[in-house]
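Visitor: show me the folded form of this:
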Amino acid sequence: SKYDLTYYLKGALAGGICCSITHGALTPVDVVKTRIQLDPVTYNKGLIGGFRQVIAAEGVGGLLTGLGPTVVGYFIQGWFKFGGVEFFKIQFATALGEEKTWDNKTSIYLASAAMAEFIADIFLCPLEATRIRLVSEPTFANGLAGGAKRLMAEEGIIKGFYSGFGPILLKQIPYTMAKFAVQGDAAERIAGSMGKELSELKGASKLGVSLSSGVIAGVAAAIISHPADTLLSKVNKAGAGGEGSIFTRLGRIAGEIGFMKLCTVGLGARCVMIGTLTAGQFLLFDVVMDVTGAEKFHFHAPASRK
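Guide: From the prediction side, this is the model:
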């Protein structure tokens, strides 16, 4: 089979590269978004105004706060997420057979994405906790290694690195499920409107479908996962939610913010960020897969359905 260990490693590599590049490039947007979520009273002038506030207070370099953990963390996460989705959906397709796979392709996308994201988040969570602490407290440490070392020394592994594990799962799993399911469906529909199957697309048309379906998927995923993203940003701030278990602290934070603000504060910035990011990820993933010589797995309608 062409979908062997080498294929999965190529998929994982492509996922790591596409996630680290896109998240790293959007670090300035993420810095402003996180500041708006953590301190909406101060950062109350929208995305563009937030850029100006950060630059005025910290200089241009302030927009790159947390770049190190972002690049490293999302390479690791992308490795397990994209590689895992390819692995799980092919395993489902092999087990179910052609007819059932085609009938259940959306469910396969959803299940594959959920399982892959859970594994990826185990590795991402410590780096995301470090990134958020560096963004919320720019003087906390100088870079990834220093931030992680101080966080572990002061709060321990569980509280320091995994306080946000619950909300990161609540954010990332629905986000990734929506991202892959919506992108897969949108890509098939766009290709179908061109009179082709996804496997038949080449060159510019293939990359155009990756970009356009990625934007659609990114905006949908951003809206679905935004409340948990706000909670994650808050809970990793020193002292947030007071004492008690992670769920007790999350409950207090959610009560203080209110449902509407959880869903809307920073949403515009996040839709811009995630729409751009997701489009870039699917574009780069396809480019890297092509460069490595891997032929990406696609669902195919059975011959009896054509």
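Visitor: which strand or helix spans Ile168?
Guide: Using DSSP states H and E, Ile168 maps to helix 165-193.
Visitor: with Val291 instead?
Guide: If you go by DSSP H and E, Val291 is part of helix 267-292.
Visitor: what's the first helix or strand after the lowest-mean-pLDDT helix or strand in the chain?
Guide: Confidence across the helices and strands of the chain bottoms out at helix 246-257, with a mean of 81, counting by mean pLDDT, DSSP states H and E. Sequence-wise, the next helix or strand downstream of helix 246-257 (DSSP H and E) is helix 259-264.
Visitor: what residues sit buried inside that following helix?
Guide: Leu262 (16 or more other C-beta atoms under 10 Å). All C-beta atoms are positioned from the backbone trio N, CA, C, and that covers glycine.
Visitor: swap in stretch 105-125?
Guide: Neighbour count says stretch 105-125 has 105, 108-118, 120-121, 124-125 buried, by 16+ other C-beta under 10 Å.
Visitor: per-residue confidence averaged over that stretch?
Guide: Average pLDDT, stretch 105-125: 94.
Visitor: kindly report the same for stretch 226-239.
Guide: 74.
Visitor: residues in contact with it?
Guide: Outside stretch 226-239, the residues that touch it by C-beta atoms under 8 Å, 6 or more residues apart in numbering are 34, 37-38, 128-129, 132-133, 136-137, 163-164, 167-168, 170-171, 174, 240-241, 246, 249-250, 253-254, 257, 259, 261-267, 270.
Visitor: ok, of those residues, which come out buried?
Guide: Among these, those classed as buried by 16+ other C-beta under 10 Å are 34, 37-38, 128-129, 132-133, 136, 163-164, 167-168, 170-171, 174, 240-241, 246, 249-250, 253-254, 257, 262, 265-267, 270.
Visitor: residues touching Gly68, list them.
Guide: Neighbours of Gly68 in contact, by C-beta under 8 Å, 6+ apart: Gly143, Leu144, Ala145.
Visitor: quick one, helices of this protein?
Guide: 5-25, 27-38, 46-58, 67-96, 98-103, 105-136, 144-162, 165-193, 203-235, 246-257, 259-264, 267-292 (DSSP state H).
Visitor: which of these sits closest to Phe299?
Guide: helix 105-136 (4.6 Å; C-beta to C-beta).
Visitor: against which helices or strands is that closest one packed?
Guide: helix 27-38, helix 67-96, helix 144-162, helix 165-193, helix 203-235 (3 or more C-beta pairs under 8 Å, 6 or more residues apart in numbering; DSSP states H and E).
Visitor: may I see the buried residues of the third one?
Guide: Okay, so that is helix 144-162. Within helix 144-162, the residues that qualify as buried are Leu144, Gly147, Ala148, Arg150, Leu151, Met152, Gly160, Phe161, Tyr162, counting by 16+ other C-beta under 10 Å.
Visitor: repeat for the fourth one
Guide: Buried residues in helix 165-193, counting neighbours by 16+ other C-beta under 10 Å, are found at 165-188, 190-191.
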